[in-house]
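> Here is my input; please provide its structure:
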Amino acid sequence: MAREYVPIIDYYGIESPVATEMRRLLHNLRKREVQPELKSILLTSATTGEGKSTVSALLAITAARKGFRTLLIDCDLRRPMLHRLFALDRQHGLTEALSDGIQIKTVIRKTALENLDVVTAGAVTPHPTEVFDAKAIGAMVNEQKFYYDYVFCDSPPVIPVSDPMLLAQEVDGALLVVKAGATPREIVIRAKGILTSNQNNLIGVVLNNVKGTLPYYYDYSHYHYDYSIKPGDKNESDRQKSGAPRGRPDSWGASSEPGPSANHKKQMRR
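Next comes the predicted model:
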């Protein structure tokens, strides 16, 4: 059940290193907002396990926190993750909108963030290829661009299936998520070739999992600036009065106590 998971919003700290990188990514996307407009963005990866669903969720949260009306759609009908990341029921989502012909606005879910809405993948289907319709999804996305500043689409990996290649033609741009130190160079080149074969708008690459992969001077711990709150600081006192949790921030920037379950962290590796 969805209640077994902790929503990613609850432990994605706004001052964490990850949040900083997501704000940089959003800033770079906004710098590209010339002609044509960049409002609908597909996120994919070369293979499974590269973190594209997590990046999709964090980017959407970042945009919402910056005041942009944001819609996040789970277009991965084979191995969807967004319902788990946001602790929502998977049912009544994109699958129903495609197979039952209902309007997408009826399957949009509210989240704890005022500016962030989510569409889950919907019911499990034995034949996702028969249900997936890039043209229909593209029409839904274009309709929602009238109501939202950004529409992010979390799609399957590009090499195993053709869904992202087809859907990339229906959105304003595509981002390729690459797991540093794990995905072979030739696989990344192959994925790039697929996404650009039909002149799709591949706008950039998001390098994931850089900690422990890049040289030491890219690690935040290398710098000697400490922005953490010290015991006795006025802000620390205010935190105690407000009941805010204490503890060293983890990689998501939230207090290590409480935090997501071990099962949830395992699910987020994708």
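> what residue is smack in the middle of this protein?
Most central in the chain under CA atoms, centre = their mean is residue 56, positioned 1.2 Å from the mean C-alpha point.
> From residue 109, how far off is that residue?
15 Å (CB to CB, to the nearest Å). To be clear about C-beta, it is placed using only N, CA and C from the backbone, and glycine gets the same treatment.
> which residues touch the residue nearest to the centre of the chain?
Residues near residue 56 by CB atoms under 8 Å, 6 or more residues apart in numbering: 43, 72, 82, 152-154.
> For residue 204, which three-state class applies?
Under the three-state scheme (DSSP: H, G, I helix; E, B strand; the rest coil), residue 204 adopts strand.
> That one: what's it in contact with?
Counting by CB under 8 Å, 6+ apart, residue 204 touches 28, 175-176.
> Switch those over to a markdown table; also include secondary structure, neighbour count and pLDDT.
As requested, the contacts of residue 204 are exported to a markdown table (DSSP: H, G, I helix; E, B strand; the rest coil; neighbours: other CB atoms under 10 Å; pLDDT from 0 to 100):
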| residue | secondary structure | neighbour count | pLDDT |
| --- | --- | --- | --- |
| 28 | helix | 11 | 91 |
| 175 | strand | 22 | 96 |
| 176 | strand | 24 | 96 |
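> Could you single out the nearest of the residues you listed to residue 47?
residue 176 (11.3 Å; CB to CB).
> from memory the closest one sits against residue 205, does it?
Yes - Residue 176 is in contact with residue 205 according to CB atoms under 8 Å; the separation is 4.9 Å.
> what touches both of those two?
Common neighbours of residue 176 and residue 205 (CB under 8 Å, 6+ apart) are residue 188.
> re earlier: need the phi and psi values for the residue nearest to the centre of the chain.
phi -60, psi -50 (degrees, to the nearest 10).
> Roughly how far does the closest residue to it other than its chain neighbours sit from residue 31?
Spatially, and ignoring its direct neighbours in sequence, residue 56 is nearest to residue 154 (3.9 Å; CB to CB, 6 or more residues apart in numbering). Using CB to CB, residue 154 is found at 23 Å from residue 31.
> Can you pick out the residue with more neighbours from the two?
Counted by other CB atoms under 10 Å, residue 154 and residue 31 do not tie: residue 154 has more neighbours, with 29 against 9.
> ranges for the strands of the stretch 51-200 of the chain?
Secondary structure of the stretch 51-200 of the chain by DSSP state E, counting those that start in this stretch: the strands cover 70-74, 109-110, 116-119, 150-154, 173-179.
> Just put these in a markdown table and tack on distance to residue 48.
Shown next, in a markdown table, are the strands of the stretch 51-200 of the chain (distance: least, CB to CB, whole Å):
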| stretch | distance to residue 48 |
| --- | --- |
| strand 70-74 | 15 |
| strand 109-110 | 25 |
| strand 116-119 | 21 |
| strand 150-154 | 13 |
| strand 173-179 | 10 |
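> Quick one: closest of these to residue 97.
Residue 97 lies closest, by CB to CB, to one member of those: strand 116-119, at 7.7 Å.
> Beta-bridge partners for residue 43, please?
residue 154, residue 175 (DSSP bridges).
> Could you measure from it over to residue 152?
Separation of residue 43 from residue 152 (CB to CB) stands at 6 Å.
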